[in-house]
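Undergrad: coords below, sequence missing:
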């Protein structure tokens, strides 16, 4: 539906079905397309009726629904939420419009499909994101401070920080609403506002040689944002993915050990090899040949980023030989 309004008047109320986009074109008083962004944003009220709920296959009353308005970002090719209303008894949600574009009203409990992890990971800090049940990723690890999710096709993984981490488990498919952010170690993550379990799935670890863990920068050159890779990283970025590596234990300490498969990975420390963080678990003996499963993540040393595999539990470690 096309809605043309003048930039010097109130936008008023527009009735729109859930998930059905409308194109809003703002015009200047002389009938020409108004310059963007407009100096004075105007408020638009989008209205959803109870019949719209039924048409969208949703049950319940409008007063029980959380409504939001999303605008399609033509630069980043993704949807961004620009307005929101909780338990709106009138079925209305308000937004300040400052540019023409495609807008849509969505109920947060419906299957409105925004974007998957690959696009979300390139959004700027502070951007609101919604991963719906249609593109829900699978939980691959749960730690005391966060959990990790991965796309079904195993191409993208991501850290999620949420107060409700304990309510999810490995294998859950989750819908996530939150805000993009970045750790001090340059790892992109979602600061979750809400996490809902919508199903289950199975993610197997990606086997790779030590020198491929971490990988190169992803989308930095294209968007100026994205996920940083590691020092001298090669191959696709895999920070956040569940991975599996093999090698000989070269060094160990409290909560960590280093392995090498011949890649001779630079660790940014006095040790050689790929670092494995094992938490409270006892590291394997020096000289052991092991296989390790865990999350590909990062550590920083002297301003540079280096690869780390973060184990989830003792079952992530297989020891083939204890011999030196």
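TA: Thanks, I have the structure now. Note that the structure is a prediction, hence the values are computed from the model and not measured.
Undergrad: what comes into contact with stretch 261-276?
TA: 209-211, 213, 231-232, 245-248, 250-251, 256-260, 292, 294, 299-302, 304, 306-311 (C-beta atoms under 8 Å, 6 or more residues apart in numbering). For glycine as for every other residue, the C-beta is placed from the backbone atoms N, C-alpha and C.
Undergrad: Can you tell me which of those end up in strands?
TA: 245-248, 250-251, 256-260, 292, 294, 299-301, 304, 306-310 (DSSP state E).
Undergrad: Can I get the buried part of the residues you listed as one PyMOL selection?
TA: To isolate the buried members of these in PyMOL, using 16 or more other C-beta atoms under 10 Å:
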select buried, resi 245+246+247+248+250+251+256+257+258+259+260+292+294+299+306+307+308+309+310
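Undergrad: Tell me the confidence at residue 191?
TA: You'll see residue 191 listed with a pLDDT of 92.
Undergrad: Is it in a helix, a strand, or coil?
TA: Following DSSP: H, G, I helix; E, B strand; the rest coil, the label given to residue 191 is strand.
Undergrad: Next: residue 275.
TA: Residue 275 ends up strand, using three-state DSSP.
Undergrad: ok, and the closest non-adjacent residue to it?
TA: residue 308 (4.9 Å; C-beta to C-beta, 6 or more residues apart in numbering).
Undergrad: in the protein, which spans are helices?
TA: 50-55, 117-120, 220-223 (DSSP state H).
Undergrad: what's the least confident stretch among the ones you listed?
TA: Per-stretch mean pLDDT for the helices of the chain is lowest at helix 220-223 (a mean of 53).
Undergrad: in this protein, which segments are predicted with low confidence?
TA: Applying pLDDT under 70 to the chain flags the ranges 1-67, 72-81, 84-99, 104-115, 134, 164-166, 220-224, 323-324.
Undergrad: Break it down into its structural domains.
TA: As assigned by automatic domain parsing, the chain contains the domains 2-107, 117-200, 206-321.
Undergrad: ok, now which ones touch the nearest residue to residue 150 once chain neighbours are set aside?
TA: Spatial nearest neighbour of residue 150, excluding adjacent residues (C-beta to C-beta, 6+ apart): residue 157 at 4.2 Å. With contact taken as C-beta under 8 Å, 6+ apart, residue 157 is in contact with 117, 140, 148-151, 238-242, 295-296.
Undergrad: one more time with 7 Å
TA: Applying C-beta atoms under 7 Å, 6 or more residues apart in numbering, we find residue 157 in contact with 140, 148, 149, 150, 240, 241, 242.
Undergrad: so how far is residue 262 from the fourth one?
TA: When C-beta to C-beta, to the nearest Å is the yardstick, residue 150 and residue 262 sit 27 Å from each other.
Undergrad: Neighbour count: these two, which is higher?
TA: residue 150 (24 against 10; other C-beta atoms under 10 Å).
Undergrad: beta partners for that one?
TA: Taking DSSP bridges, one obtains residue 138, residue 157 as the residues bridged to residue 150.
Undergrad: Could I get the contacting residues of it?
TA: Contacts of residue 150 by C-beta under 7 Å, 6+ apart are 137, 138, 140, 156, 157, 203, 241, 242.
Undergrad: doesn't residue 140 make contact with residue 170?
TA: Yes: with contact defined as C-beta atoms under 7 Å, residue 170 and residue 140 form a contacting pair (6.4 Å).
Undergrad: Can you give me the neighbour number for the residue nearest to residue 158 when sequence neighbours are not counted?
TA: In this structure, residue 158 finds its nearest non-sequential neighbour in residue 240, 4.7 Å apart by C-beta to C-beta, 6+ apart. By other C-beta under 10 Å, the residues close to residue 240 number 27.
Undergrad: sorry, back to before: now the residue nearest to residue 150: how far from residue 177?
TA: Where residue 177 is concerned, residue 157 sits at a distance of 19 Å (C-beta to C-beta).
Undergrad: which among the contacts of residue 150 gets closest to residue 70?
TA: Set against residue 70, the nearest of the contacts of residue 150 by C-beta to C-beta is residue 137 (19.6 Å).
Undergrad: ok, now which ones touch that closest one?
TA: 117, 131, 149, 150, 151, 173, 174.
Undergrad: Wait, the third one touches residue 161, no?
TA: In this case it means residue 149. No: if you go by C-beta under 7 Å, residue 149 and residue 161 don't touch, sitting 11.6 Å apart.
Undergrad: out of these two, which sits in the more crowded spot?
TA: Shown here are residue 149 and residue 161; by other C-beta under 10 Å, residue 149 has more neighbours (26 against 15).
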